[in-house]
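K.L.:
no sequence on this one, just coordinates:
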């Protein structure tokens, strides 16, 4: 009986790990896009409505789709140096940055300066599928080839607009031309507004294909960045994620003066990374110049015959080159390098004073592991 209970518990745990958790009462596990909706929800690419529903048959605006596409590709933290001006959106618009990134990565074609973007129009199936194809490096095909491929499966090929023929053909070749399952012969329905379920399935396919064949700009953005710097002992890489383990020691360059004789416990200090923190394979974990902040945890002045000075840093935060501020917990005890004679002196007479000047480098030991996206330096919380 006990073994049977253990088996049942193990099966439940396995099921909980392998099957996406559905929080949407209006999406059953039998829904044709259930897998895609579950996985993209877990990744934060899509979200439900305030009432907890997903509403899979509702439509998506062009602005919403641009935002979803950029999140799906993991490029929400990319910086665009030269944004395009539109007559109907400005930098205060909620999806302005996502739209600019979609343009930069060639997901959508760039209209002439000063044209409208139409952010609140519903995105069509043709537009959403074209974005997915544009994210990829694909083989070139002709209109004739596209029609040949599409005609094998779809009954409305003659209704497909000329501009969408080749993207549709490429999508079909890659098995990305998403359609709602039907007993009738499938239709492309290029001009129909895409539903939330269709958009989710399209984005899911785009994500999977982009891991293998991203377009040129995405390939560069998705490349793990390398450089010289301080090799973090035992840091490791899995895919595009690098991990600095708890217990790793890293250098920090202080910005302000601290002393065992004059500083006080709780006093705030600031510092920076004096060089890149890198893995043994030179993948950059933390970029040079990233700012750190913490407080003095323990300060005790050095006194003759009583004690040597004590100065302990308690680091709490890091602000990366992406302007991301997150927890970076570590401690560092300031010590001096002594020769054998001074070791004897300090052990017997004590009284050592500790002073750290601005620009001096000290070391802190991390208390918790840090995971970093090696393609963009974003620290994963």
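P.N.:
Sure, I can see it. Since the structure is predicted, the reported quantities are computational estimates derived from the model, not experimental observations.
K.L.:
and the gap between residue 336 and residue 149?
P.N.:
73 Å (Cβ to Cβ, to the nearest Å). In this view, the C-beta of every residue, glycine as well, is placed from N, C-alpha and C.
K.L.:
sorry, that was for residue 95
P.N.:
In terms of Cβ to Cβ, residue 95 sits 33 Å off from residue 149.
K.L.:
Neighbour count: residue 336 and residue 149, which is higher?
P.N.:
residue 149 (20 against 12; other Cβ atoms under 10 Å).
K.L.:
Contacts only, for that one.
P.N.:
Residue 149 makes contact with 141, 169, 172-173 under the criterion Cβ atoms under 8 Å, 6 or more residues apart in numbering.
K.L.:
who wins for neighbours among these?
P.N.:
residue 169 (25 neighbours).
K.L.:
does that residue sit in a helix, a strand or a coil?
P.N.:
The three-state label given to residue 169 by DSSP: H, G, I helix; E, B strand; the rest coil is helix.
K.L.:
per-domain residue ranges of the protein.
P.N.:
2-221, 230-380 (automatic domain parsing).
K.L.:
Worst mean pLDDT among the ones you listed?
P.N.:
Lowest mean pLDDT within the domains of the chain: domain 2-221, at a mean of 88.
K.L.:
Name the nearest residue to residue 204, ignoring sequence neighbours.
P.N.:
residue 36 (3.9 Å; Cβ to Cβ, 6 or more residues apart in numbering).
K.L.:
Number of residues surrounding residue 291?
P.N.:
Residue 291: 17 neighbours (other Cβ under 10 Å).
K.L.:
For it, give its distance to residue 191.
P.N.:
Taking Cβ to Cβ, one finds residue 291 at 50 Å from residue 191.
K.L.:
Residue 39 too?
P.N.:
The separation that residue 39 has from residue 191, given Cβ to Cβ, amounts to 28 Å.
K.L.:
cool, and residue 26?
P.N.:
26 Å.
K.L.:
How about the contacts made by the most centrally placed residue in the chain?
P.N.:
Compute the mean C-alpha point of the chain, and by Cα atoms, centre = their mean the closest residue is residue 74, 5.2 Å away. With Cβ under 8 Å, 6+ apart as the criterion, the residues that contact residue 74 are 222, 373, 375-376.
K.L.:
what about 10 Å?
P.N.:
43, 45, 207, 210, 218, 221-222, 240, 373, 375-376, 378 (Cβ atoms under 10 Å, 6 or more residues apart in numbering).
K.L.:
now do residue 263
P.N.:
Neighbours of residue 263 in contact, by Cβ under 10 Å, 6+ apart: 256-257, 269, 296, 299, 301, 311, 354-356.
K.L.:
try 8 Å
P.N.:
Taking Cβ under 8 Å, 6+ apart as the test, what residue 263 contacts is 296, 299, 311.
K.L.:
Columns neighbour count on top of the residues you listed, output as a markdown table?
P.N.:
Converted to a markdown table, those look like this (neighbours: other Cβ atoms under 10 Å):
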| residue | neighbour count |
| --- | --- |
| 296 | 20 |
| 299 | 21 |
| 311 | 25 |
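K.L.:
for stretch 47-61, the distance to its chain's centre please.
P.N.:
Mean C-alpha position of stretch 47-61 versus that of the full chain (Cα atoms, centre = their mean, to the nearest Å) differs by 23 Å.
K.L.:
Please report the distance of the residue lying closest to residue 217 once chain neighbours are set aside from residue 92.
P.N.:
In this structure, residue 217 finds its nearest non-sequential neighbour in residue 105, 5.0 Å apart by Cβ to Cβ, 6+ apart. Here residue 105 is placed at a distance of 22 Å from residue 92 (Cβ to Cβ).
K.L.:
now residue 250
P.N.:
39 Å.
K.L.:
what about these two, which has more around it?
P.N.:
Shown here are residue 250 and residue 92; by other Cβ under 10 Å, residue 250 has more neighbours (25 against 6).
K.L.:
who does the nearest residue to the more buried one once chain neighbours are set aside bridge with?
P.N.:
Nearest non-adjacent residue to residue 250, counting by Cβ to Cβ, 6+ apart: residue 277, 5.6 Å away. On the basis of DSSP bridges, residue 277 takes part in beta bridges with residue 230, residue 286.
K.L.:
if I pick residue 277, what's in contact with it?
P.N.:
By Cβ under 8 Å, 6+ apart, the neighbours of residue 277 are 229-230, 232, 235, 244, 250, 284-286.
K.L.:
cool, and residue 372?
P.N.:
Residue 372 touches 241-244, 285-286, 378-380, counting by Cβ under 8 Å, 6+ apart.
K.L.:
what about it, is that helix, strand or coil?
P.N.:
strand.
K.L.:
Likewise for residue 77?
P.N.:
Criterion first, three-state DSSP; result for residue 77: coil.
K.L.:
Verify the stated contact: it with residue 380.
P.N.:
No - between residue 77 and residue 380 there is no contact under Cβ atoms under 8 Å: 11.2 Å.
K.L.:
Those two: which is more packed in?
P.N.:
Higher neighbour count among residue 77 and residue 380: residue 77, with 18 against 11, using other Cβ under 10 Å.
K.L.:
That'll do, ta.
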